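any chance you can model this:
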Amino acid sequence: MTIASTSRDLLLLNGPNLGTLGTREPGIYGTTTLAEVEESVAELLARAGYGLRSEQHDGEGELIRALHKHRDTAAAIVNPGALMIAGWSLRDALADYPAPWAEVHISNVWARESFRHNSVVSPLAVGVIAGFGTHGYELAAEALVRRLETAAQGTAK
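Okay, the predicted model is just below:
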């Protein structure tokens with residue numbers, strides 16, 4: 001369900017272990033920190049006339065509270081981390097989030113261990129971006145801004 005938002009902010013929501021970006025398994029996740037991701041996404045959004053609210057939590061309950069707190073955002077970029085696999089409560093909160101959201105994964109989860117190949121949240125997302133490193137966050141931001149601008153012009157599909 002999509003509702004009109006009064007906010008020109010997008011939510012950037014990151015799940016478990018993403019606070020250690022830059023040092024955690026750099027061979028898989030790279031050396032870009034979460035602060036650098038937030039800065040690059042905020043700059044991209046600012047050029048398009050949008051703001052950014054960013055939260056990272058290691059606990060599922062905290063992520064759910066963040067979604068509830070930011071229901072007024074225009075859209076969201078969500079990296080659920082491993083909660084994509086069995087985060088049923090997060091899935092329910094995302095189903096209730098009233099704006100479009102994109103799922104992002106830094107690595108190509110489908111090229112990794114088989115337990116990562118199923119996501120309980122992906123069917124709810126307007127799109128999924130995986131395997132482009134931290135650049136995937138910017139790709140998601142660009143896609144969501146385009147979707148919001150198209151919807152504002154009354155031509156959304």
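
make it CA atoms for all contacts and neighbour counts henceforth
Noted.

and residue 103, which helix or strand is it part of?
strand 101-105 (DSSP states H and E).

direction included, what does that strand pair against?
Its sheet considered, strand 101-105 pairs with strand 75-79 (parallel), strand 127-130 (parallel) by DSSP bridges.

which of those sits most buried?
Burial among the strands paired with strand 101-105, expressed as mean neighbours by mean count of other CA atoms under 10 Å, is greatest for strand 75-79, which shows a mean of 26.

doesn't residue 55 belong to a strand?
Yes - according to DSSP: H, G, I helix; E, B strand; the rest coil, residue 55 belongs to a strand.

give the contact list for it.
Going by CA atoms under 8 Å, 6 or more residues apart in numbering, residue 55 touches 11-14, 66.

so of those, which ones are in helices?
residue 66 (DSSP state H).

quick check: of the contacts of residue 55, which lies closest to residue 147?
Within the contacts of residue 55, the smallest distance to residue 147 is 15.0 Å, found for residue 11 (CA to CA).

got the contact list for the closest one?
Contact criterion CA under 8 Å, 6+ apart gives 52-55, 70, 73-78 as the residues in contact with residue 11.

so how far is residue 31 from it?
Separation of residue 11 from residue 31 (CA to CA, to the nearest Å) stands at 23 Å.

secondary structure element for residue 39?
Element membership of residue 39 [criterion: DSSP H and E] is helix 34-47.
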